[in-house]
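In: Build the 3D model from these lines:
(one chain, ligands or ions: 1)
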Amino acid sequence: MFCCTESEITLRSHFEDAYRRSRVPVIQEIERRVCGCDYGGNSWTTKEQADALIGQLRLDKHSDLLDLGAGTGWPGIYMAKETGCAVSLVDLPEIGLQLAKKRAAEEGLEQRVSVTIADAADLPFAKGSFDAISHSDLLCCLIRKDVVLQQCVRVLRPQGYMAFTVISITRNLSKTQHERAIANAPGFAEIEIDYHSLLKNTGWRVTDWSDLTDEYRESCVRQIDADAENQSALENLLGSQETKERASNWGAKLDAMNDGLLLRELFVCQPA
Ligand SMILES: C[S@@+](CC[C@H](N)C(=O)[O-])C[C@H]1O[C@@H](n2cnc3c(N)ncnc32)[C@H](O)[C@@H]1O
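Out: Have a look, this model is predicted:
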């Protein structure tokens, strides 16, 4: 059964809108400026980070990769193209996965890219189906983080690797700072325990960790600059009110990052 609470459904419809627009030239132009590619990405994963993921996940042409919360196929299709691996893309919005299939066909990768509409908390794959799992800012977009991590450990082979990025709220903030952090973070960025403890509790051993908050802030600056340079094309697409709101949202997010309210981390781990 697919998730979700009302708030998860609202977030899903936000992703569907973004995926519907993801192939409009101005959106692709902005995405190329922000993350260095134009797969319709909706996380803050840059091309440089996707290149690093290939090594962190030990991908090669024999690997079976699961890209969870794959959206329109970023970065899973790119990693399949670069390494020759096979990739299974899983997400809930059908529109994103349809666009992913189209992109895979355009790149001649249809034999190695498959798509499945499924809830990350209820994966329709047998135990040990994959050599590697990647997810980009997925866990901050859903409530049942522990169940998703348990599903991941089940479908990964014992020697496999999972690498993921996640955005969270800085700990020990004042009430006002905390409210600002929540207002500028993805829908479910708040977490009761830290990710190191959550991973341990769900059967994982962390083998590598990095703080990507500075890169996140730099991407946000590029987003603001790219939006400003493409303002009139954005206004044609979204209308002037939505374009103004978008600029103000990016500005508030950057302020929150500059004030140290948000974190973006990378975890690489193996089944414990
Ligand atoms: C931040 S986006 C990342 C999309 C893409 N991987 C990228 O890097 O641009 C998070 C994705 O997770 C998906 N997602 C959220 N909750 C999910 C769930 N319970 N099961 C599967 N996918 C989910 C969303 O639909 C969205 O496409």
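In: ok, which stretches of the stretch 51-200 of the chain are helices?
Out: Here the stretch 51-200 of the chain has its helices, by DSSP state H, counting those that start in this stretch, at 76-83, 94-106, 145-155, 175-184, 195-201.
In: Could you pull up the residues touching residue 110?
Out: Listed by C-beta atoms under 8 Å, 6 or more residues apart in numbering, the contact set of residue 110 reads 101, 104. Bear in mind the C-beta positions are built from the backbone N, C-alpha and C, glycine included.
In: gap between the two ends of stretch 68-76?
Out: The distance separating the two terminal residues of stretch 68-76, taken as C-alpha to C-alpha, to the nearest Å, comes to 9 Å.
In: Kindly report the same for stretch 252-267.
Out: 27 Å.
In: about what we covered before: tabulate the helices of the stretch 51-200 of the chain (JSON lines), appending mean pLDDT and distance to the ligand.
Out: What follows is these, written out as JSON lines (pLDDT from 0 to 100; distance: least, C-beta to the nearest ligand atom, whole Å):
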{"stretch": "helix 76-83", "mean pLDDT": "98", "distance to the ligand": "7"}
{"stretch": "helix 94-106", "mean pLDDT": "97", "distance to the ligand": "6"}
{"stretch": "helix 145-155", "mean pLDDT": "98", "distance to the ligand": "7"}
{"stretch": "helix 175-184", "mean pLDDT": "97", "distance to the ligand": "15"}
{"stretch": "helix 195-201", "mean pLDDT": "98", "distance to the ligand": "16"}
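In: Would you mind finding the most buried of those helices?
Out: Burial of the helices of the stretch 51-200 of the chain is given as mean neighbour count (mean count of other C-beta atoms under 10 Å); helix 76-83 ranks first at a mean of 22.
In: In terms of secondary structure, what does that one contact?
Out: Contact analysis of helix 76-83 by 3 or more C-beta pairs under 8 Å, 6 or more residues apart in numbering; DSSP states H and E lists helix 47-56, strand 64-68, strand 86-91, helix 94-106, strand 113-117 as its packing neighbours.
In: which one of these lies closest to residue 161?
Out: Each of these was scored for nearness to residue 161 using C-beta to C-beta, and the closest is helix 47-56 (6.8 Å).
In: Show me the contact partners of the closest one.
Out: 35-37, 45, 74-75, 78-79, 82-83, 134, 161, 163, 165, 208, 212, 215, 266, 268.
In: picking that back up, could the helices and strands packed on helix 76-83 go into JSON lines alongside distance to residue 171?
Out: Formatted as JSON lines, the helices and strands packed on helix 76-83 follow (distance: least, C-beta to C-beta, whole Å):
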{"stretch": "helix 47-56", "distance to residue 171": "24"}
{"stretch": "strand 64-68", "distance to residue 171": "26"}
{"stretch": "strand 86-91", "distance to residue 171": "30"}
{"stretch": "helix 94-106", "distance to residue 171": "32"}
{"stretch": "strand 113-117", "distance to residue 171": "35"}
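In: Out of those, flag the one nearest residue 185.
Out: Shortest separation from residue 185 across the helices and strands packed on helix 76-83 is recorded for helix 47-56, at 18.9 Å, computed as C-beta to C-beta.
In: Give me the angle between the closest one and strand 64-68.
Out: With axes from the mean of the first three to the mean of the last three C-alpha atoms, to 10 degrees applied, the angle from helix 47-56 to strand 64-68 works out at 140 degrees.
In: Can you give me the buried ones in helix 47-56?
Out: Of the residues in helix 47-56, those scored as buried under the neighbour-count criterion (16 or more other C-beta atoms under 10 Å) are 47, 49, 50, 52, 53, 54, 56.
In: Also stretch 209-225?
Out: For stretch 209-225, a neighbour-count test (16+ other C-beta under 10 Å) marks 212, 213, 215, 216, 217, 219, 220, 223, 224 as buried.
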